[in-house]
Every structure is written in C-alpha cells, then in structure tokens.
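Asker: What follows is a predicted protein model with its sequence.
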Number of protein chains: 4
Amino acid sequence: MSDEMRQFDQIEEELTEKHWKILEAAVKVFSEKGYGASRTSEVAKEAGVSEGTIFNYFKTKKDLLTSMVIPLVVRFFRPLILLSVEKIFRTRKDRELEDVLLDVMRDRVKLVKSNLPLIKTVATEAAYHPELLDPIREQMAPKLVEIAAKFFQEEVAKGTLRDVDPVLALRALMSLLGGYILMREVMPEAMRLQDEETELRRLLDLYLHGVAKQDRQE
Amino acid sequence: MSDEMRQFDQIEEELTEKHWKILEAAVKVFSEKGYGASRTSEVAKEAGVSEGTIFNYFKTKKDLLTSMVIPLVVRFFRPLILLSVEKIFRTRKDRELEDVLLDVMRDRVKLVKSNLPLIKTVATEAAYHPELLDPIREQMAPKLVEIAAKFFQEEVAKGTLRDVDPVLALRALMSLLGGYILMREVMPEAMRLQDEETELRRLLDLYLHGVAKQDRQE
Amino acid sequence: MSDEMRQFDQIEEELTEKHWKILEAAVKVFSEKGYGASRTSEVAKEAGVSEGTIFNYFKTKKDLLTSMVIPLVVRFFRPLILLSVEKIFRTRKDRELEDVLLDVMRDRVKLVKSNLPLIKTVATEAAYHPELLDPIREQMAPKLVEIAAKFFQEEVAKGTLRDVDPVLALRALMSLLGGYILMREVMPEAMRLQDEETELRRLLDLYLHGVAKQDRQE
Amino acid sequence: MSDEMRQFDQIEEELTEKHWKILEAAVKVFSEKGYGASRTSEVAKEAGVSEGTIFNYFKTKKDLLTSMVIPLVVRFFRPLILLSVEKIFRTRKDRELEDVLLDVMRDRVKLVKSNLPLIKTVATEAAYHPELLDPIREQMAPKLVEIAAKFFQEEVAKGTLRDVDPVLALRALMSLLGGYILMREVMPEAMRLQDEETELRRLLDLYLHGVAKQDRQE
DNA sequence: CATGAATGAGACTTCATTCAT
DNA sequence: GATGAATGAAGTCTCATTCAT
C-alpha cells in the first residue's frame, strides 16, 4: 500500500462504528437539503442518537461536512488503486478494447450511482468549501492520471488508439460519463435518454470514433 | 417572438433598474459564499441599498435566488434564439464544419465564463431547489435540442457527419465543454490544461474523430 | 479636561440611550446572579427589549461585562478629577482636617453604596477577567495616588499629619472604608456595626490616632 | 473540643482521600477560571479521575463549591482555636506588643497567601452563594471576635492600647491586612508596594499610631 | 419609496449528570 | 467503586423579515 494512503487508513481505523453511523446520516440529510439548510437535529434523528452525541464525535457541524472526504476516499480512491486497475490490466489481454472500456464505464457509473448522495453533497458544497476537494486534487486525480496515461500509452503502442494526450482522453471520457449521469438525474426526458446499457454503448462509440464521417486519413 | 418568451419579457420589463442592481449584487454575494451562507445584509451593502429595501423588491431571500432564472434566461435563452443560431446557419454555407463548431465552442465558453458567478450559483443551488431548472428543462433544453437536431441532420445530409443521434451528439459536445470548464475552474494543474484555444481545438478533434485508430468502415 | 479622558468621553457619547438602558439592566442582573449565571434573556427582559436587540448593541455577552468599565469610569473617575478634588482643596482652608476627611469618607461611602451593584459585579468578575481593572489600574489609581500625595504632603507641611508615605496613608484609608462597607454588607451583626455616622467617626479616629496608648514621642 | 466543631470534624472524617483529591482539584480549577466557567471535566482531569467519579463523591457541581467551606474551616478556624491563640497568649508575657502583633500579621498573611486559591474562590463566589459564608458568619467570626476582645481588653488593662472598641480594632486590623493582600495581588505597582516585611511594619506603625501628628492628649 | 432598529424563532453547541458496564 | 459514552436541556447568538418613521 502506498504511503499516501496511510493517513486515510489511520483515519478510517480511528473512526468507530458510531462515527460511521453519524457520518452516513449526515450524508443522507445533507444530500437532501444541502449542508446549510440541514439541521444537526435532523442528522441526530437520522442517526438515531441524541443531538449532543454528534458533537462527541464531530467537533462542529462543519467537521461533519469535511469528514465526508473520508468515505469519498475510502470508496473511490482505494478501490481505484487496489482493485479496479489490476482488474482492467489483467483482463485486457484477451479482450477487445471496447469491451474493456465498456466494463470500466459500467463499473464507474455503478459506483457513482451507488454513492450519489455523497457525491452530490461533496460536489455542490465544494463550490464554497474548496478544501473538500484537496484529497481529490492532490491524491486521486494524479493517481488517476497516472493510471490512465499508462493504459492509453499501451493502447497507442498496440495501435488500437490514436496518439492523443492521455489526460485529454481521460478528461473526455470522464466528461462524457459525468454529463450522462448529470443529465440522467436532472432532465432525462429533455435529453431523450434511453436505458443505461444503450446510452453507454452509444457514448463509447462516439468516444472511440467521433461524430465526423470518416473521410480523413491520419 | 415565441409565446413562451412573453412571460420572461414581461418579467424583464417589470424589473426596474434597482431590481437589477439588487439581483446582480445577490449573484455576486451568493456566488462567493453560497446562497445559504450569504446574508441579506451583505447583498444590501453590495447593492448600495438598505436592508429593508431588498424586501421592497423581493419578497423573501429565496425570491432573490429564484429570480436568478431571469438573467439566466435573458442571457442564455434569448441570444440562443435570436442571434447565435441564425448566425451559425448564416455563416455555415461557406465555411468548414470544423470552423463553425470551433466558433460555437468559443462563443459558448466565452458566454459561460462571463456569467460564471450566475451559473455557479444556479448550478449548485439547483441541487436543492430544482425549480431553478424548470425554465431550462422546459424551454431552453427543448429549443436547444430542436436547433441542434436541425443542424446535425443537415450535416448528416451533406455527408459531413455520421448519422448519430443528434441529441446524443449535442449532449456529448456539451459534456466535453462542461467538463473542460469545470476542470479549468477546479483543478487545472492536475488535469494539465493548456491555453484555451489549444484545448478547444483538441476537444473538437476528439469530438469529431474519436480516440480510436481509424481502421473501421461504416 | 485631561487627554486621558477623551477616549471615555467619546465612548460615552457613542453610547445611545438604549445602550445605557441595556447596560444598566445587565448591571442589575449580573449583580444579582453573577455574570456566569445570568442569562441574556433576563437582561433583555429587565431592559425591556428583545433578546436579539441586546446583540445589536453589544457584540457578545462578554462585551456587556467589559462595557461596565464605562459607567465605572464615568461615575468614579470623572467626578474624582472634575469635582471632588477641587472641592476638597477649596473647602480645606477654613476647616478642621477631621471635618474634611469625614466629608470625604461620607462622600465616598455614599458613592460606593449608590453604585454597589456595579462595583460588586466588576469586583467579583475582575477576579477572572482582569482586563476589567485595566482602566482602574492605568488611569484611576495613578490619578488617585497623585491627588492623595499632594493632599497629604500639604498636610504634613502644615504639621497636621505625620510624615508617612502618602500612598500608604491612602491605601490605609481605602482599606478601612472598604472593610467597613464589606462587613456592613456581609456580616453586620457579627461585626457589631452601628449606624454609619458613628462608624465613620470611629474609623476616622482610629485612622488618625491609631490604637496605641500615646506614650511615644516622634 | 467545642460542640460547634463536631460537625466539621465529622465531615472531615467522612472525607476520604479521594474526596480531598477532587476537592483540591476543584479549588485549583475554580480559582483559575471561576466556578461558573469551570468544567467538571477539567476538575476530573486535574484530579486524575474520570468525570463520573466526581459524581460518586459530590452530588452536584454546586456541591463541590459548597464543600470548600470544609478546608476553609479546617485550615482557618481550627488553627485559630487550637494553636495560634494559645501561642499568642503564651508568648505575649515577655514580649513587646508590637512584636506580638507583627507576628500575628505575618502569620495571617502567610496563611492567606498559602491558601489564596481557596480564599479567592470562596470570596468571589460568596457574592452569589451567600451560604458559603455561613460558617464564617456563625462560627469563625464570633470566635475571632471573642478572642480579639479578650486580647484587646487585656492590653487596655495593661495600658498598652487605647480603650477603643475591640471589634472595631479587630476589623481595622483585618481591613488593613486585607487591603494590603488585595492590592498586592491586583495592582502592586500602582500602589507602590514594597517588600512584605516593610509593608507589614509600616501598616503596624500606622495601625498603632495613626496618621495624625501627635499633639493631643487623651 | 427608503430606511434601519427591533424582533424572535431557531440554530449550533456546551456540559452537568446519569447509568450500563 | 470506577468509568466514560450518551443524554438533552438550555444558552448564546444569528439573521430574515417587519414596520414605524
């Protein structure tokens, strides 16, 4: 395990079961009303503890918000390093690139969807509490870029992908997936969204081949 | 002028100069601290009026927030209909598709950037006040889809674009632009962003031709 | 008027009528229950304003306490400079020293008694908020010492008083008066206190001539 | 032993070692922050016990405060009766009155100084919890008055002291000592205090002979 | 219309006290 | 007897909103 994870492991191990219960209650309440409009009394009720107990575990209400980086890292960063990446590389050999990418897309969408309240809260509150993004900026993003770069470069070497900037390619894929998830949440009819499998396949096709008619040679 | 715009025109015409001064002050303050953490007293100071005056023009603080759809529509929806679209079609004939799209991208990015406080506020608060998105969902998005559909269909007919779902194509372009703007605001270094013109060109290239090595025939 | 008073004048002039109303309510409530055990709601009720109004005039509850130095200075320091001293000197010429001192004692006891709640509060809270004593330490005490020194020195020159340290003499007189007032408040029976005039005369006699049988020559 | 002491002895004997440890911790903490601003958790930490344990020994926080009369009586009242008084009388015969009084003053100042936290706490809190003074009012003060009366009367009989009210003389001595100790704690510079021995000698001189020039005969 | 003093509901937070272990 | 997690009542302070001037 990398050094940079040590601190989060320690944090995680310091968190008792009740810590987690309260934190999850906060994620739920904050995601429904927003941090500012949420009441610590609601978090307490949701967690099944008294209001005072919250403050035995989290110094302030704000602390409850900033502590959300912990599950964020635990659920998104650690799996990124320990599991998914290996899996992608292990399973790549004998499969079509498209299948691999489709799997990745399915997997990421599933992960995001199952953590939507957490992500929604962090994403919206990060606009006014930028420190929430620090671990993403400083640890997750660089690691993600590193992994993506390695993957894309290998594909370029194999001749399956064009020699585009791997970070650009990564950003583009994330943008497409992010846009899809956002539209699906916010205005699925207006954007005429279909079932997820179809959408992901269409996105992947567009990601791989673009929208232009193929009349150019590289 | 379409019927659906009437209401906004009326609203706009009802808004006095002081309405706008207060509303702009609110956009500024809300975008810096977030709606919940902003104080009506700060908005008053920023607008150069007394606190009581705000409530002569806007019934409640929430009213200040929901009223932000007005400038949003005025600045994004009306130009969409009256100006840019015509321009795109007018200038299309004698120019390369790529140039046209690049112009559109530049134009949209510029528009978003010049209205970032307003968009940031509406985007984050919409998470907990969905009614903020109603005019977007019900008026802007359909109109946008309509325009895009017409445009993409004509291009398909000309043989410049593949026959992909125009709404998918629209969403994809918006996603790429949105992802770019977001990354530029949030973590430009981690995502290794370069100057805007370069980024937009790379995005357009990727949008048109995808990331895959062109070895397939349609 | 001396420079050192300017700041307090300014402070005093900045204080509106409502400032004073709240401050006096606070003095009353604090003196009955102590600062810590007093509730801002009680101060509000006593002042006849809403609880919120208190915080329009005093930033915090603590501010209410520290602001008590203002009436303290206004009522004890200013009269000290402007009135009493002159009076003492003016009336000295043609009167017995004992009468003059007795007048001073009566006057000071009266002043203290009429401000007992304020003094009680400042005295007890100063034990844990030493900044309350700053104006006393830095302005009142030195001025008092200066006045006393001048007075005692003149008396020594006249041959009415022994050549003792004027500051010691001042302290001793204050101690005797303070002890008297304290005992009167706290345990008048146990200390067998009599009517005030008698007590003050006995104290003055003791102050002037001591307890020892006069068998010594200086 | 007098009847009136029985209760305190009993109380004292009921107090276990842990009682004392907690009580002394409370004295320390209360004297630093004041009763109201002190936290039982701090007392617990200072005493080296858990917070719950405090409440096994003292029913409430208030109980901790009122229990402080116990050490107060133990340290001030009992020695008063059992030791010092006898000593004073025993040593009086063959010594100058001044030496005796100076010894008493030195002894009392030393006793007060070595118990300053306790006295400071009781003195300030007594302003709002008068019951703290009950044992002083009802037991210590009368005893003290009794002893002083006997002493002063004997001195008057010997011709060493004027025939002043012994209680007045007692109060005056206590006032001078109290004022000295207070000034020494609160504003030693402003009151130009010198070393203790000098101060006590000067106070005694003033106490015995007054400030007036001796030109009168009794 | 504009003002800003006054309001008071309600939020966060503290902390003495309890009690199961 | 000792512990310390849990409690919840209560306190200070904030701030959107009102309204008399």
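Answerer: That came in fine, so what should we check first?

Asker: worst-scoring helix or strand of chain A, pLDDT-wise?
Answerer: None of the helices or strands of chain A scores lower by mean pLDDT, DSSP states H and E than helix A:3-14, at a mean of 52.

Asker: export whichever helix or strand comes after it as PDB, just CAs?
Answerer: Per DSSP states H and E, the first helix or strand lying C-terminal to helix A:3-14 is helix A:17-33. Written as PDB, here are the backbone C-alpha positions of helix A:17-33 (Å, rounded to 0.1, in the frame of the first residue of the first chain):
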ATOM      1  CA  GLU A  17     -18.900   2.400  14.200                       C
ATOM      2  CA  LYS A  18     -20.800   5.300  15.600                       C
ATOM      3  CA  HIS A  19     -18.700   7.700  13.700                       C
ATOM      4  CA  TRP A  20     -19.800   6.000  10.600                       C
ATOM      5  CA  LYS A  21     -23.400   5.900  11.600                       C
ATOM      6  CA  ILE A  22     -23.500   9.600  12.200                       C
ATOM      7  CA  LEU A  23     -21.500  10.300   9.000                       C
ATOM      8  CA  GLU A  24     -23.800   8.300   6.900                       C
ATOM      9  CA  ALA A  25     -26.800  10.100   8.400                       C
ATOM     10  CA  ALA A  26     -25.200  13.400   7.600                       C
ATOM     11  CA  VAL A  27     -24.600  12.300   4.000                       C
ATOM     12  CA  LYS A  28     -28.200  11.400   3.700                       C
ATOM     13  CA  VAL A  29     -29.600  14.600   5.300                       C
ATOM     14  CA  PHE A  30     -27.100  16.900   3.600                       C
ATOM     15  CA  SER A  31     -27.800  15.400   0.200                       C
ATOM     16  CA  GLU A  32     -31.500  16.000   0.600                       C
ATOM     17  CA  LYS A  33     -31.400  19.600   1.900                       C
END
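
Asker: Do helix A:17-33 and DNA strand F come into contact?
Answerer: Yes - against DNA strand F, helix A:17-33 shows contacts by C-beta under 7 Å from any atom of the strand at residue A:18. Yep, even glycine has a C-beta here, placed from its N, CA and C like the rest.

Asker: buried stuff in that helix?
Answerer: Applying a neighbour-count criterion of 16 or more other C-beta atoms under 10 Å in any protein chain shown, one finds A:19, A:21-31 buried in helix A:17-33.

Asker: Distance to chain C and pLDDT for the residues you listed - can I get that in TSV?
Answerer: Listed next are those as TSV, based on distance: C-beta to the nearest C-beta, whole Å; pLDDT from 0 to 100:
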residue	distance to chain C	pLDDT
A:19	32	93
A:21	35	95
A:22	30	96
A:23	32	96
A:24	36	95
A:25	31	96
A:26	29	97
A:27	34	97
A:28	33	96
A:29	28	97
A:30	28	97
A:31	32	96
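
Asker: how about CSV for those, with distance to residue C:176 added?
Answerer: As requested, the buried residues of helix A:17-33 are exported to CSV (distance: C-beta to C-beta, whole Å):
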residue, distance to residue C:176
A:19, 63
A:21, 66
A:22, 62
A:23, 65
A:24, 69
A:25, 65
A:26, 64
A:27, 69
A:28, 70
A:29, 66
A:30, 66
A:31, 71
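
Asker: ok, which pair from these is furthest apart?
Answerer: Greatest spacing in the buried residues of helix A:17-33, by C-beta to C-beta: A:19 and A:31 (18.3 Å).

Asker: what does chain A have sitting close to DNA strand F?
Answerer: A:18, A:49-53, A:55-57.

Asker: which residues are contacting stretch A:97-107?
Answerer: The contact list for stretch A:97-107, computed with C-beta atoms under 8 Å, 6 or more residues apart in numbering or on different chains, reads A:84, A:88, A:91-92, A:155, A:160-161, A:173, A:177, A:200-201, A:203-204, A:207-208, B:212.

Asker: One more pass at 10 Å, please.
Answerer: A:79, A:83-85, A:87-89, A:91-93, A:95-96, A:151, A:155, A:158, A:160-161, A:173, A:176-177, A:180, A:196-197, A:199-201, A:203-205, A:207-208, B:211-213 (C-beta atoms under 10 Å, 6 or more residues apart in numbering or on different chains).

Asker: mind giving me the domain split of chain A?
Answerer: A:3-66, A:69-209 (automatic domain parsing).

Asker: export these to a markdown table and tack on distance to DNA strand E?
Answerer: Output for those, formatted as a markdown table (distance: least, C-beta to the nearest atom of the strand, whole Å):
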| stretch | distance to DNA strand E |
| --- | --- |
| domain A:3-66 | 3 |
| domain A:69-209 | 14 |
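
Asker: between those domains, which one is nearest to residue C:67?
Answerer: The closest of the domains of chain A to residue C:67 is domain A:3-66. By C-beta to C-beta, the value is 28.8 Å.

Asker: Just the buried residues of the helix or strand hosting residue A:112, please?
Answerer: Residue A:112 belongs to helix A:97-114 when assigned by DSSP H and E. Judged by neighbour count (16+ other C-beta under 10 Å), helix A:97-114 contains these buried residues: A:97, A:100-102, A:104-105, A:108-109, A:112.

Asker: and if you look at stretch A:122-136?
Answerer: By neighbour count on 16+ other C-beta under 10 Å, the buried set for stretch A:122-136 is A:122-129, A:132-133, A:135-136.

Asker: What residue in chain A comes nearest to chain C?
Answerer: Across chain A, the shortest distance to chain C (C-beta to the nearest C-beta) belongs to residue A:60, at 18.4 Å.

Asker: Residue A:102 versus residue A:198, what's the distance?
Answerer: 12 Å (C-beta to C-beta, to the nearest Å).

Asker: Okay, now the unreliable bits of chain A?
Answerer: Along chain A, the model assigns pLDDT under 70 to residues A:1-14, A:81-86, A:88-90, A:215-218.

Asker: burial count for residue A:52?
Answerer: Neighbourhood size, residue A:52 [other C-beta atoms under 10 Å in any protein chain shown]: 9.

Asker: Quick check: phi and psi at residue A:161.
Answerer: phi -120, psi 150 (degrees, to the nearest 10).

Asker: Number of residues surrounding it?
Answerer: With neighbours defined by other C-beta under 10 Å, the count for residue A:161 comes to 21.

Asker: quick one: it and residue A:151 touch, right?
Answerer: Yes - contact criterion C-beta atoms under 10 Å: residue A:161 and residue A:151 qualify, at 9.4 Å.

Asker: Quick check: longest helix in chain A by residues?
Answerer: Ordering each helix of chain A by length in residues (DSSP state H) puts helix A:166-186 first.

Asker: List the contacts of the closest residue to residue A:167 other than its chain neighbours.
Answerer: The shortest distance from residue A:167 to any non-neighbouring residue, by C-beta to C-beta, 6 or more residues apart in numbering or on different chains, is to residue B:192 (4.9 Å). Contact partners of residue B:192, counting by C-beta under 10 Å, 6+ apart, are A:145, A:165-168, A:170-171, B:183.

Asker: Quick check, residue A:60 in contact with residue A:26.
Answerer: No - with contact defined as C-beta under 10 Å, residue A:60 does not reach residue A:26; the gap is 12.0 Å.
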